[in-house]
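# Give me the fold of what follows.
(2 chains)
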Number of protein chains: 2
Amino acid sequence: MNQYAPSLTEAHRRFLTDLFPGEGCLLSAEGRAAFSADSSRCRAMPWAVVRPERREQVVELLRWAEAEHMPLYPRARGTCQVGNAVPALGGVVVSLLRLDRILDVDPDDFVAVVEPGVVTADLQAVCAKKKLFYPPDPASVKMSTVIGNASTCAGGLRAVKYGVTRDWVLGLEAVLPGGRVLRAGGRMHKDVVGLDLTRLFIGACGKLGLITEMTVKLIPLPEASASVLAGFADLSSCMEGARAVFRAGLLPAACEFMDANVLEAVRRIDDVPLPEATRAALLFKVDGTAEGVRAETERLCAALRPLSPVGVTVGTGAEEEAVWTVRRRISPATFQIKPNKVAEDIAVPRSRVGEAVERAHLIGEEHGLPVLCYGHLGDGNLHVSIMHDVSVPGEAEAAERAKNAVFRLAIELGGTISGEHGTGLTKAAFVPEQLGAASIALMDAIKANFDPSGIMNPGKAW
Amino acid sequence: MNQYAPSLTEAHRRFLTDLFPGEGCLLSAEGRAAFSADSSRCRAMPWAVVRPERREQVVELLRWAEAEHMPLYPRARGTCQVGNAVPALGGVVVSLLRLDRILDVDPDDFVAVVEPGVVTADLQAVCAKKKLFYPPDPASVKMSTVIGNASTCAGGLRAVKYGVTRDWVLGLEAVLPGGRVLRAGGRMHKDVVGLDLTRLFIGACGKLGLITEMTVKLIPLPEASASVLAGFADLSSCMEGARAVFRAGLLPAACEFMDANVLEAVRRIDDVPLPEATRAALLFKVDGTAEGVRAETERLCAALRPLSPVGVTVGTGAEEEAVWTVRRRISPATFQIKPNKVAEDIAVPRSRVGEAVERAHLIGEEHGLPVLCYGHLGDGNLHVSIMHDVSVPGEAEAAERAKNAVFRLAIELGGTISGEHGTGLTKAAFVPEQLGAASIALMDAIKANFDPSGIMNPGKAW
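Now for the predicted structure:
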């Protein structure tokens, strides 16, 4: 196995403070503590935190880290749900937030060139001013960064029409252990020369190297959109409703699902514009030209009608955002049910979502815990929230067992234990079950070509 | 370097004829000759050709080939333009055309599962009957196969809106040297567990292993489309016309370009519905709902108007296909100019296409040869045809020099020497210039993880 540096020596500290002067290197316990956890609430103290402002510093850092066998943990906003940003085995956290320039947004090449620490929503706002569109939109889009999104291959609401982060990265520059600089892809929208190293980095969770620049593809900003919220009397009509929309030939930009437990939770903190009898709901967005959007909205509503929805709200223009309030309130609302949450993000073949929801509810019943299901039905990507109260004896353990049952369910249904969050620390135990030892060995071997000493983000699952 | 088997022994022949009885193994010179070349017209005789009908035969073959250090060359319809299907170093050609079943086309999961030898247009036809859509459409779509398209990451006309083959493959099964079976991805539309081995295979030109099954993503079939052919008095208004369409917020399904030389060539064999004064033309397709298509067509024409097109033809309904005749006649028409062609497929940043066309024409003038430019302007992907006559002394050499100048031009403009054809044998010399030695070493190392003896499709560039 890899022999990592056992701790930070005085010489290491000197090297880091020389390379990252002033606030660029944090060695104090208070300074380091802020970089010890991510949204997974897993925690481990880094030995140091560095904050590069120039690529040259990254090159020097990776040259040194390779020579010293020093683990490095790339980190941006720390919104990772599974612990990928946590310095699990000790070492140095590399915060990329000072590499945050939008270098170019080109309305003719239809590309943007960005440094890793740019917040995705900020990039989208700059693009929108030029009537350009960078579609990937994980729920964290206002907080998370392009590098965080690339590291997990973030998906989000619009993936059903526009695909995931992987589909939008045309090229990148990365610094590899030893200080080698790799450039892959570029501003051209098509390129088939060489193995696809660009996309190998997407979803690699910072384990191959440190991305210092990304070139992403843009498209013209759709001029109009509309949204439709529809409630159903039962889960099966709801699933049939989604099917009917796709069968009508429509490809909505978003196709979201919420179960009865989710709706009940949201009702505790906000109005839900659906009748009490609603047991499951769909939320669609369509986008395009104004005329196209009008037509698609009408057809979408017509496709739902045979399923006798108990309530339909159409939001257009200034009223569109209001239709999404219920969806946006889910996360805070869940804590109205129980104070603690295990939140998973399985994905299954699209036709199995209804079954996955029913069986996730049964898993909740078996473990005596409320389970809330919602998510990106259009991609078969389901967020399963297992609510519990760690102050009640046995509930934390029951939630853990329920989580494992949900993972087993995803694999049994021909799906994946993660559609967008990754595996990191919290799902590590289940990765071999999904991928198998041979695939993992192949991934480890590929990683070793980039990172022979295993210093990049060690201690995490694939 | 790798030590390959120097020839086929009697024991090898026995093994192959046992594993592939009857017509499954071709050893005669006539039988083998049919598998010696591809559309590049490069040629090398294989020692044997095998035609597996079951995955188990592929597994046995790769176990044997690894033990014997026997080069294997996967091949489907042989439409490759760059020699990737040619058995350059001797060995066994593996024809995948008998593995040609469409195993599943699922209107709820929105996936198709196919064996490698399925012709892409056949898959699209079966999908269309179920109102489903598999968008990738290289010009060869009626002849080429899903595996051929995957091996080169084929693009085509619709890439500007729908992306390339890579964006549509969700999972695959591949057999690796030694007979290991790798399964990556699956029927789920989102999956972030593990390194992205699925997409590493796309564009890898059969050098990592032999794909035996693919799961591809489908979307609802757009119900309507329309096409617009527009001629311009000069190249710069033509390029401005394309820019104006994108700036109007439209994302056409296709945005094709043809230069004056192309139009002149087509006129020699067919009517071109554009005035003689046309010096460059654009051909657009829009698709979606009927209402959306109507609106987009109107806007597209309105966006072109300020550039004073010398002719505009709109094709809708039954008349739409006729608008494409000019585009489809390009390939045969080029030979009206000169009997031989060097056909390249560079891609450049979208804003540099006009410059690339002008400079390609200059390269033609410098070398005394007509150069025809057309292609997928929306992706910056330009087909440059250098016409010559090999029976005229010096023209073949001039064409070769002009080709090299075109490659240098692509790299100088920040582009790639291949947007969709690959590099294979014919572009091998230029790959190091584009990728650099360090990237190539990394690709070689990754290949060795899959194929330690280097038996998969050797002798080709990345």
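
# So, low pLDDT: which residues of chain A?
Across chain A, the ranges flagged by pLDDT under 70 are A:1-2.

# just the helices in the stretch 301-450 of chain A please.
Along the stretch 301-450 of chain A, counting by DSSP state H, counting those that start in this stretch, helices occupy A:320-323, A:325-328, A:330-334, A:353-366, A:395-412, A:431-435, A:437-450.

# Excluding chain neighbours, what is closest to the most centrally placed residue in chain A?
Nearest residue to the geometric centre of chain A (Cα atoms, centre = their mean): A:A154, 3.7 Å. Among residues not flanking A:A154 along the chain, A:P138 sits closest, at 4.1 Å (Cβ to Cβ, 6 or more residues apart in numbering or on different chains). Every residue, glycine included, has its C-beta placed from N, CA and C.

# ok now do the closest residue in space to A:G178 that isn't next to it in sequence, which residues does it touch?
Nearest residue to A:G178 in three dimensions, chain neighbours excluded: A:E66, at 4.3 Å (Cβ to Cβ, 6+ apart). Residues near A:E66 by Cβ atoms under 8 Å, 6 or more residues apart in numbering or on different chains: A:177-179, A:453, A:455.

# Within range of chain B, give me the residues from the stretch 301-450 of chain A.
With Cβ under 8 Å from any Cβ of the partner chain as the criterion, the stretch 301-450 of chain A meets chain B at residues A:347-351, A:376, A:378-381, A:414-423, A:431, A:434-436, A:438-440, A:442-443, A:445-447, A:449-450.

# can we see that at 6 Å?
A:347, A:349-351, A:379-381, A:414-416, A:418-420, A:422-423, A:434-435, A:443, A:445-446, A:449 (Cβ under 6 Å from any Cβ of the partner chain).

# Counting neighbours, which of those residues end up buried?
Buried by 16 or more other Cβ atoms under 10 Å in any protein chain shown: A:347, A:349-351, A:379-381, A:415-416, A:418-420, A:422-423, A:434-435, A:443, A:446, A:449, out of these.

# so of those residues, which ones are in strands?
Among these, DSSP state E puts A:347, A:381 in strands.

# Please enumerate the strands of the stretch 1-150 of chain A.
Assigned by DSSP state E, counting those that start in this stretch, the strands in the stretch 1-150 of chain A fall at A:25-26, A:48-50, A:72-75, A:92-95, A:102-106, A:111-114, A:132-133.

# need those in a markdown table with mean neighbour count and distance to B:R75, can you?
Listed next are those as a markdown table, based on neighbours: other Cβ atoms under 10 Å in any protein chain shown; distance: least, Cβ to Cβ, whole Å:
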| stretch | mean neighbour count | distance to B:R75 |
| --- | --- | --- |
| strand A:25-26 | 20 | 56 |
| strand A:48-50 | 23 | 51 |
| strand A:72-75 | 26 | 42 |
| strand A:92-95 | 26 | 46 |
| strand A:102-106 | 15 | 40 |
| strand A:111-114 | 24 | 36 |
| strand A:132-133 | 22 | 40 |
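
# Can you add distance to B:L307 and give these back as JSON lines?
Converted to JSON lines, these look like this (distance: least, Cβ to Cβ, whole Å):
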{"stretch": "strand A:25-26", "distance to B:L307": "56"}
{"stretch": "strand A:48-50", "distance to B:L307": "52"}
{"stretch": "strand A:72-75", "distance to B:L307": "47"}
{"stretch": "strand A:92-95", "distance to B:L307": "49"}
{"stretch": "strand A:102-106", "distance to B:L307": "21"}
{"stretch": "strand A:111-114", "distance to B:L307": "24"}
{"stretch": "strand A:132-133", "distance to B:L307": "21"}
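
# So for B:A277, which of the ones you listed sits nearest?
Among the strands of the stretch 1-150 of chain A, strand A:102-106 comes nearest to B:A277, with 32.3 Å by Cβ to Cβ.

# The closest one near chain B anywhere?
No. Using Cβ under 6 Å from any Cβ, strand A:102-106 never reaches chain B; the gap is at least 7.1 Å.

# Note down every partner strand of that strand and its orientation.
Here strand A:102-106 is paired, per DSSP bridges, with strand A:111-114 (antiparallel).

# which parts of the stretch 1-150 of chain A sit against chain B?
Proximity of the stretch 1-150 of chain A to chain B (Cβ under 6 Å from any Cβ) is limited to residues A:108-110.

# Kindly reformat the residues you listed as CSV containing neighbour count.
What follows is these, written out as CSV (neighbours: other Cβ atoms under 10 Å in any protein chain shown):
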residue, neighbour count
A:D108, 15
A:D109, 23
A:F110, 26
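
# Let's have these in a markdown table, adding distance to B:W168.
Formatted as a markdown table, the residues of the stretch 1-150 of chain A next to chain B follow (distance: Cβ to Cβ, whole Å):
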| residue | distance to B:W168 |
| --- | --- |
| A:D108 | 27 |
| A:D109 | 24 |
| A:F110 | 20 |
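
# Which of those fall within helices?
Among the residues of the stretch 1-150 of chain A next to chain B, none falls in helices (DSSP state H).

# out of these, who's nearest A:L72?
A:D109 (32.7 Å).

# Now do the same contact list for that closest one.
Residues counted as contacts of A:D109 (Cβ atoms under 6 Å, 6 or more residues apart in numbering or on different chains) are A:187, B:349-351.

# Looking at those residues, spot the one nearest B:I337.
Of all the contacts of A:D109, B:I337 sits closest to B:R350, with 27.4 Å by Cβ to Cβ.

# List the residues that contact the nearest residue to the closest one once chain neighbours are set aside.
Of all residues not flanking B:R350 in the chain, B:G380 sits nearest, at 4.3 Å (Cβ to Cβ, 6+ apart). Taking Cβ under 6 Å, 6+ apart, we find B:G380 in contact with A:188-189, B:347-350, B:353.

# cool, A:M188 as well?
By Cβ under 6 Å, 6+ apart, the contact set of A:M188 is B:347, B:380, B:415-416.

# Do I have it right that A:G156 meets A:P138?
Yes. Using Cβ atoms under 6 Å, A:G156 is in contact with A:P138, at 4.1 Å.

# circling back to that earlier point, the residue nearest to A:A154: neighbour count?
Residues within reach of A:P138, counting by other Cβ atoms under 10 Å in any protein chain shown, total 23.

# Let me see the domain layout of chain A.
For chain A, automatic domain parsing gives the domain ranges A:10-97, A:102-220, A:224-330, A:337-422.

# Just say which of these is most tucked in.
Comparing the domains of chain A by mean neighbour count (mean count of other Cβ atoms under 10 Å in any protein chain shown), domain A:102-220 comes out on top with a mean of 23.

# From chain B, how far off is the residue nearest to A:A154?
Between A:P138 and chain B the distance, using Cβ to the nearest Cβ, to the nearest Å, works out to 11 Å.

# and the contacts of A:M188 as a markdown table, adding distance to B:G31?
Formatted as a markdown table, the contacts of A:M188 follow (distance: Cβ to Cβ, whole Å):
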| residue | distance to B:G31 |
| --- | --- |
| B:A347 | 38 |
| B:G380 | 42 |
| B:G415 | 41 |
| B:T416 | 37 |
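
# Not counting its neighbours along the chain, what's nearest the residue of the stretch 1-150 of chain A found nearest chain B?
Going by Cβ to the nearest Cβ, chain B is nearest to A:D108 of the stretch 1-150 of chain A, at 3.6 Å. Closest residue in space to A:D108, ignoring its immediate chain neighbours: B:S351 at 3.6 Å, by Cβ to Cβ, 6+ apart.

# Would you confirm that the one you found contacts A:D106?
No. Using Cβ under 6 Å, B:S351 makes no contact with A:D106, being 7.1 Å away.

# Cross-check the contact I'm expecting between A:L208 and A:F450.
Yes. Using Cβ under 6 Å, A:L208 makes contact with A:F450 at a distance of 4.1 Å.
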